[in-house]
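In: Generate a structure from the sequence data that follows.
(2 chains)
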Amino acid sequence: MSIELDRRAILRLIATGAAASVAGCSPPRQHIYPAVNRPDDAQPGTLTRYATAIPLAGYARGVTGLVVDSRPIKLEGLAAHPASLGATDLFNEIAILDLYDPQRLRTPMFGDRPGTWDGAARAISSRVAARHGEGMVLLTGRVTSPTLLARIAALKESYPDLRHVRWEAVDDDAPIAAARHAFGRPLTQRPRLADADVILTLGADPLGPGPDQIANGRHWATRRRRDPMARLYAIEPSMTNTGAMADRRLSASPADLARACHGLAAALTGDRQAPDLPAPLAVLIRQAARDLAAARGRALVLAGDGQPAEVHAFVAWANSRLDAPVDWIAPVDPDSTPHRESIATLAADMRAGRVDTLIVIGANPVYAAPPALGFAEAMKRVPLIVAAVTMPDETSARAHWQLPLSHPLESWHDCRAPDGTASIAQPLIRPLYDSRSAIELVDLVGDAAADLDGYARVQQSWANLGADGWQEAVAGAIVPNTASRPAVVATAPLVLPPIDTTFGPAIEVRVSPTLYDGRFSTNAWAQECPEPLTKEVWGSSARMHPADMATIGIGDGDIVRIAQGHGTVVVPARAVRGQAKGVVTLFTGYGRRDTGAVADKIGANAWMLAGGGPAHVSKAGEHAPVLTTQHVFALDGELAKLYPVLRPDEAMAPAKAQPTLIPPNPPNQDAPPQWAMAIDTDICIGCNACVVACQAENNVPVIGPDEIATGRVMHWLRVDRYDVAETGAGFQPVPCMQCEKAPCEPVCPVEASVHTAEGLNAQVYNRCIGTRFCQANCPYKVRRFNFLDYSHSSVWGEAGDSSVKAQRNPEVTVRGRGVMEKCTYCVQRIAAAEHDADAQHRPVGAVQTACAAACPTEAITFGRLDEDGAIRRARANKRHYALLGELGTRPRTTYLARRVNPGNEA
Amino acid sequence: MAQLFRPGANTLVRAALACVVLAPLLLFLLGMTIVRSGYVTGEGRFVDQPVPFSHQHHAGDVGIDCRYCHTGVESQANAVIPPTHTCMTCHSQLWTNAQMLAPVRESMASGKPLAWNRVNRLPAYVYFDHHVHVQNGVPCAACHGDVRRMPLTRQTASLTMGWCLACHRSPEDRIVAPAREFEGDPYHGRTANDRAFAHAVMAHIVASGRKLTDCTVCHR
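Out: Residues are numbered from 1 along each chain as shown, chains lettered A, B, ... in the order given. Presented below is the predicted three-dimensional model:
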């Protein structure tokens, strides 16, 4: 049909089209989906808090989950839990991202094809039932969960030939062996850091990464706040968080460390011949011995988990002799077979064909077991391997069946803290994917047709609590009176470690403060979190002494090949402060494969070098500097003002008095709350819990290694590290100063950076047009710009980031491209508190920012300046100073100076 | 000789000059008007719903209190759209076979929520808190109008920042006593009681020193 189109017809058509398009053009519809059945006390869109616990390497730490709309978005500390004391560490903060990680295994996989749980159950039962469990091995990490242990015991009853092999890459073989030697039975040493006036660490890092970091940090800080100031001596191969905080520190190779033990024994007993010690070490040992002896009953010696058993035995003797504040408890881990022995026996059995079915739950031996064992090769001789993992890894890639393991936050489980306290951990969300918990998996192995219910099993385990006791234990996440009681021990005999004088570099493999043993490699927050001492991100390096690097002929950033035994590692080398001559230090957690876009191809696997034996370091050509977020660590000249270091009773020079907006004392009735923050750099241990807590709370995006390589960072809170004294280091967390005279405010052309009546410098994202003048004018450089659409781009590659959106805090805007952002003193928390106060017609209560809530040592204090409280006390402290105070910005965030207490040399 | 320009050329040039000055001004005024118009803000628009819920019937004729369904207004930021269960508390016994209520019954049976279309839309960077307003005497009708006269829910107010600020700058005239907040037309017949409560609220705000026009009160 043809339409005659004349001018009028055409015009009519155009008009109709225009009208139609205008009518059809309208703002998009927003939908609201209320629940179908909502519990009466549910509050949609409002935060609720639930107590639970999550394990690290098997040890529980209590957490409070902040839950909104039935999904957890943040983890905070649990005040009543002895391993948390209300704070978190880095690993607890990043655990929430693991729950929503797009790289998670979502469905059972048979090889590279999706399978079903039924199929897996049948595969297992057909093999296992026929042989009555002969040749069946269950390989797990450390298990402290009473329920899981009970289920494994039940499985053993059905299949008496079942072997449960327990293996952790980061093991405590040496201290347990030492205790066996000293006391005839395996015992774990629990130091009471709050009661120690003098501490000597021998390669120990109590303030460093580990299940005890939060409790150790808190107790150590408690003592440090008391006068007279305690003294910390550190002798270690490479700089650790503890060494950074030490008053006197020495870098020592393993041989020198052993010599130090001899020297200390000689000094403490007075009736031994002291060996030849290098002069600085001799001086330190003399002084340490003098102080330790003088503080008998309050003197403590600690040895690092990586030290050989003889050093631990020596330390047990020293602590006996000094009547040190330590408790010895029966190991919380009921299995005291040495980890290395367990995995070696398993590998040998596998290679010999004695293992028929291997079920792996939460262990990754292909990645972290000593390469000499040849675990991957041995796996080929096992007819059926089933690996249950949350995130695919090297071991699960070689398994026949990969089964998705539930994250602790989505399953009922229980676990024990390092001091023995048991926790019943409730899930905060239903399983996101088709996963099962470890308890349910063990039941499935026992009976393929079992009705899997982890909740019922946990309840069964704790039936002795009764209904009320169960309610209380779940609501508080703690089972009362379950802490281990200290054992009574005899005096430990003197054991002196042998001094190994073999030539060649000593390789030190240390646990990464951000990735732990590799279990957090896939976590984007962990990869982007700077390593405390070198501020390295998205990569690893080998730490070497400059003299050693010169001998090989390499400079900073040159790549070296390190070969030891069966393992070879190719990494960039770095000269780092505090590195002992002759020691090469590498961090674990890098060199991953088969895990996904985040962790693969980053760095090299340090576990390859953990086997011991002679090592060889050579130049490997090329240059590949590792990404760091801080490049200058030495403060000299004018810069020394940034991080003042005082002697124990010294006071800061008084700042020039300036006219003030701060309300007079007593507080003015008409003044709104004036928010301020005080950070005590004397007790900040650089753990980075605050950095990631802020990221979790405020929807700070991960920008990835390419952006960091161009010099951009996104963390609102950074922790600067500076050189302190001759051998130490200091940490300075830098959030937004919320200056009363903020340089960023007058320069914004659209008034997106404004000052509120409560002293906050507010950043209004919807006004910001991205001039970046504010960032240029900020002298503290705390402002972060969204150069790209970071919040909507993904570092997870093909996996996308849709599940990660579930973690986001609905109270905080997700910023788009071209918008400036910065620390807001958690204004959403302040606003929530103020709205509640206004609604209930009462004064505003206490507000805690995410960083202050996370800090294990309580170094960050947030509060009101217009009330008598912690902030006023901090400002009255003689160590108080404002960062770059002479600029006249009058920051609300102020600091307390670091102290060093070296004492007099003996 | 022949004229180069037609007679109207002068007029044309003068008109063009006038346009160069007036057109940007008019465009600007037009833009400002359009942005404030109901077309852009949605003021006065009725919104279709999966079930044509009538506030006039439920709140007006039947007399159900706002808080029976909107349970969050006194205790949290979110006013809360009721779950299907709340509808079924009555409609499991009344109008049980009504065609209009089929989607509600289906939602209850299948467990899939009803997809309501939001009437009062605020941008994502605005964080409105209901309970702080309701507990301080701001009636529902201040922002939502007299819903008892709405057979289908309508957006009554423009909900622009300027509109919010108008009240934040001088709230006294918009506050009523708590007992009257949930009436259909609370501003009609404001009594001394209302004014006294408004006065008390203002005194509290002044005493606390907080500025209701600080950016962080609504934006984070």
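In: For the stretch 151-300 of chain A, which segments count as helices?
Out: A:173-183, A:213-225, A:241-245, A:254-269, A:279-294 (DSSP state H, counting those that start in this stretch).
In: What residues sit buried inside the last one?
Out: Neighbour counts using 16 or more other Cβ atoms under 10 Å in any protein chain shown place A:281-282, A:284-292 of helix A:279-294 among the buried residues. C-beta here means a position set from N, CA and C on the backbone, and glycine is covered the same way.
In: Could you export those residues as JSON lines, including distance to chain B?
Out: JSON lines is the format used below for those (distance: Cβ to the nearest Cβ, whole Å):
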{"residue": "A:L281", "distance to chain B": "54"}
{"residue": "A:A282", "distance to chain B": "58"}
{"residue": "A:L284", "distance to chain B": "51"}
{"residue": "A:I285", "distance to chain B": "55"}
{"residue": "A:R286", "distance to chain B": "57"}
{"residue": "A:Q287", "distance to chain B": "53"}
{"residue": "A:A288", "distance to chain B": "51"}
{"residue": "A:A289", "distance to chain B": "56"}
{"residue": "A:R290", "distance to chain B": "56"}
{"residue": "A:D291", "distance to chain B": "51"}
{"residue": "A:L292", "distance to chain B": "52"}
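In: I'd like those residues laid out as CSV, including pLDDT.
Out: CSV is the format used below for the buried residues of helix A:279-294 (pLDDT from 0 to 100):
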residue, pLDDT
A:L281, 94
A:A282, 93
A:L284, 95
A:I285, 95
A:R286, 93
A:Q287, 95
A:A288, 96
A:A289, 95
A:R290, 95
A:D291, 96
A:L292, 96
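In: Including distance to A:R898, could those go into a markdown table?
Out: Formatted as a markdown table, the buried residues of helix A:279-294 follow (distance: Cβ to Cβ, whole Å):
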| residue | distance to A:R898 |
| --- | --- |
| A:L281 | 25 |
| A:A282 | 28 |
| A:L284 | 21 |
| A:I285 | 25 |
| A:R286 | 26 |
| A:Q287 | 21 |
| A:A288 | 21 |
| A:A289 | 26 |
| A:R290 | 25 |
| A:D291 | 20 |
| A:L292 | 24 |
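In: Quick one, which of the helices of the stretch 151-300 of chain A gets closest to B:I34.
Out: helix A:213-225 (57.1 Å; Cβ to Cβ).
In: just to revisit the earlier point, can you say which of the helices of the stretch 151-300 of chain A is packed in most?
Out: Ranked by mean neighbour count under mean count of other Cβ atoms under 10 Å in any protein chain shown, the helices of the stretch 151-300 of chain A are led by helix A:241-245, which reaches a mean of 26.
In: how far away is the residue nearest to A:H407 when sequence neighbours are not counted from chain B?
Out: Of all residues beyond its chain neighbours, the one nearest A:H407 is A:L99 (4.7 Å), with distances taken as Cβ to Cβ, 6 or more residues apart in numbering or on different chains. Taking Cβ to the nearest Cβ, to the nearest Å as the measure, A:L99 falls 24 Å from chain B.
In: residues in contact with A:L99?
Out: Going by Cβ atoms under 8 Å, 6 or more residues apart in numbering or on different chains, A:L99 touches A:72, A:407, A:409-410, A:429, A:432, A:807.
In: Report the two of these separated the most.
Out: Farthest pair in those, by Cβ to Cβ: A:E410 and A:Q807, 13.3 Å.
In: got the residue ranges for the strands in chain B?
Out: Taking DSSP state E as the criterion, chain B carries its strands at B:116-117.
In: returning to that earlier point: pipe the contacts of A:L99 into TSV and attach secondary structure and pLDDT per row.
Out: Below are the contacts of A:L99 laid out as TSV (DSSP: H, G, I helix; E, B strand; the rest coil; pLDDT from 0 to 100):
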residue	secondary structure	pLDDT
A:P72	strand	97
A:H407	coil	97
A:L409	helix	97
A:E410	helix	96
A:I429	coil	97
A:L432	coil	96
A:Q807	helix	95
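In: want to throw those residues into TSV with neighbour count?
Out: Shown next, in TSV, are the contacts of A:L99 (neighbours: other Cβ atoms under 10 Å in any protein chain shown):
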residue	neighbour count
A:P72	26
A:H407	25
A:L409	26
A:E410	18
A:I429	17
A:L432	19
A:Q807	18
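In: Taking the stretch 51-200 of chain A, what residue is nearest to chain B?
Out: The nearest approach of the stretch 51-200 of chain A to chain B comes at A:D69, 9.7 Å away (Cβ to the nearest Cβ).
In: A:A289 contacts A:G270, doesn't it?
Out: No. Between A:A289 and A:G270 there is no contact under Cβ atoms under 8 Å: 9.5 Å.
In: Burial check on the closest residue to A:R190 other than its chain neighbours, number of neighbours?
Out: Nearest non-adjacent residue to A:R190, counting by Cβ to Cβ, 6+ apart: A:D327, 4.6 Å away. As a burial measure, A:D327 scores 16 neighbours (other Cβ atoms under 10 Å in any protein chain shown).
In: mind checking which helix or strand A:D327 is in?
Out: Take DSSP states H and E as the rule and A:D327 turns out to sit in strand A:326-329.
In: before we move on, back to that, what's the neighbour count on the residue of the stretch 51-200 of chain A closest to chain B?
Out: Neighbour tally, A:D69, other Cβ under 10 Å: 16.
In: How about A:P749?
Out: Look at A:P749: counted by other Cβ under 10 Å, it has 10 neighbours.
In: does it sit in a helix, a strand or a coil?
Out: Under DSSP: H, G, I helix; E, B strand; the rest coil, the three-state class of A:P749 is coil.
In: Looks like it contacts A:G770 (just checking).
Out: No. Using Cβ under 8 Å, A:P749 makes no contact with A:G770, being 10.6 Å away.
In: residues in contact with residue 160?
Out: The chain I'm using is chain A. By Cβ under 8 Å, 6+ apart, the neighbours of A:P160 are A:G133.
In: meant chain B actually
Out: The neighbours of B:T160, taking Cβ under 8 Å, 6+ apart as the test, are B:36, B:41.
In: what about 6 Å?
Out: Neighbouring residues of B:T160 by Cβ atoms under 6 Å, 6 or more residues apart in numbering or on different chains: B:T41.
In: biggest helix in chain B, by residue count?
Out: helix B:9-36 (DSSP state H).
In: which one of the helices of the stretch 151-300 of chain A lies closest to B:P123?
Out: Per Cβ to Cβ, nearest to B:P123 of the helices of the stretch 151-300 of chain A: helix A:213-225, 39.8 Å.
In: Now do A:P493 against A:E310, distance only.
Out: Distance, A:P493 to A:E310, by Cβ to Cβ, to the nearest Å: 12 Å.
In: So for these two, which residue has more residues nearby?
Out: The neighbour comparison of A:P493 against A:E310 (other Cβ under 10 Å) goes to A:E310, with 19 against 12.
In: Go ahead and list the helix or strand containing the more buried one.
Out: helix A:309-322.
In: cool, and A:V360?
Out: A:V360 is located in strand A:357-361, with elements delineated by DSSP H and E.
In: which helices and strands does whichever helix or strand comes after that strand pack with?
Out: Counting by DSSP H and E, the next helix or strand C-terminal to strand A:357-361 is helix A:365-368. Under the contact criterion of 3 or more Cβ pairs under 6 Å, 6 or more residues apart in numbering or on different chains; DSSP states H and E, helix A:365-368 touches helix A:375-379, helix A:394-397.
In: Helices of chain B, residue ranges please.
Out: Along chain B, counting by DSSP H, helices occupy B:9-36, B:38-41, B:55, B:66-69, B:84-91, B:102-110, B:130-134, B:140-144, B:161-169, B:192-208.
In: Can you give the distance from the fourth one to the centre of its chain?
Out: Pointing back at helix B:66-69 there. Distance of helix B:66-69 from the chain centroid (Cα atoms, centre = their mean, to the nearest Å) equals 17 Å.
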